[in-house]
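Peer 1: sequence unknown, structure follows:
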């Protein structure tokens, strides 16, 4: 087995243990394998080991490798987990099955227009900037619930959940707790939170999906 397949198995076992420790049902948490910067040859062994949900940060990079992989494995679910520019909305709607980074009015409008034009309906998450970091994408948590409602009422978007990336130098627990609270207030069931260094904490706080890259594929 390749290192990535060995790592994948270890991460699956850790997720299962975290689910059990949190008193959650087995399989409650979906693993999103973050394959950004890795080429198709590096990804194929992980697909071969049964992984079907992947995350990419950039539309252009994903376009270069995923159409071919999805042709070979049609049941793959591809998530956009990086910031989306409105001029990339057409490609994003065409390529991704889940867009996790809806974070402002312009993006919501562009995605809605492309969904109507293409007849595609990727699942949508609103990204929340729980740490109010200037350099990071995401809507202000104080505006998140109202923004979700505008996505629904103004743009006709069926938002499925919330996503967040806590500040790297802070305890992630309070950020995960805040995201869970906002999701409840907005009537959302899905929480995309937790990465290689903190996914077990995220599971304890109710994550329904965790985004793990380096712990599977290695350093970039």
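Peer 2: Received, thanks. On a predicted model such as this, the values are computed, not experimentally measured, just so you know.
Peer 1: select the longest helix from this protein.
Peer 2: helix 3-21 (DSSP state H).
Peer 1: what does it rub up against?
Peer 2: Outside of helix 3-21, the residues within contact range by Cβ atoms under 8 Å, 6 or more residues apart in numbering are 25-29, 31, 33, 42, 45-46, 48-49, 51, 199-200, 203-204, 210, 212, 215-218. In short, each C-beta sits where N, CA and C put it, glycine included.
Peer 1: ok, and for it, which residues are buried?
Peer 2: Using 16 or more other Cβ atoms under 10 Å as the test for burial, helix 3-21 gives 4, 5, 7, 8, 11, 12, 14, 15, 18, 19.
Peer 1: next, format those residues as JSON lines and append pLDDT and distance to residue 63.
Peer 2: Shown next, in JSON lines, are those (pLDDT from 0 to 100; distance: Cβ to Cβ, whole Å):
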{"residue": "4", "pLDDT": "96", "distance to residue 63": "22"}
{"residue": "5", "pLDDT": "97", "distance to residue 63": "26"}
{"residue": "7", "pLDDT": "97", "distance to residue 63": "26"}
{"residue": "8", "pLDDT": "98", "distance to residue 63": "24"}
{"residue": "11", "pLDDT": "98", "distance to residue 63": "27"}
{"residue": "12", "pLDDT": "98", "distance to residue 63": "28"}
{"residue": "14", "pLDDT": "98", "distance to residue 63": "32"}
{"residue": "15", "pLDDT": "98", "distance to residue 63": "29"}
{"residue": "18", "pLDDT": "98", "distance to residue 63": "34"}
{"residue": "19", "pLDDT": "98", "distance to residue 63": "34"}
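Peer 1: run through who's touching the helix or strand harbouring residue 146.
Peer 2: Element membership of residue 146 [criterion: DSSP states H and E] is helix 144-153. Defining contact as Cβ under 8 Å, 6+ apart, one finds that helix 144-153 is touched by 102, 105, 108, 124, 126, 128, 139, 157-159, 162, 182, 185-186, 188.
Peer 1: so for that helix, mean pLDDT?
Peer 2: Throughout helix 144-153, pLDDT has a mean value of 98.
Peer 1: likewise stretch 183-198?
Peer 2: Per-region confidence: stretch 183-198 scores 97 on mean pLDDT.
Peer 1: looking at the contacts of helix 3-21, which are in helices?
Peer 2: Among the contacts of helix 3-21, the ones falling in helices (DSSP H) are 42, 45, 46, 48, 199, 200, 203, 204, 215, 216, 217.
Peer 1: and which of those is nearest to residue 119?
Peer 2: Using Cβ to Cβ, the shortest approach to residue 119 within the ones in helices among the contacts of helix 3-21 belongs to residue 46, at 30.6 Å.
Peer 1: is it true that that closest one touches residue 216?
Peer 2: Yes: counting by Cβ atoms under 8 Å, residue 216 is a contact partner of residue 46 at 6.7 Å.
Peer 1: cheers, nothing more for now.
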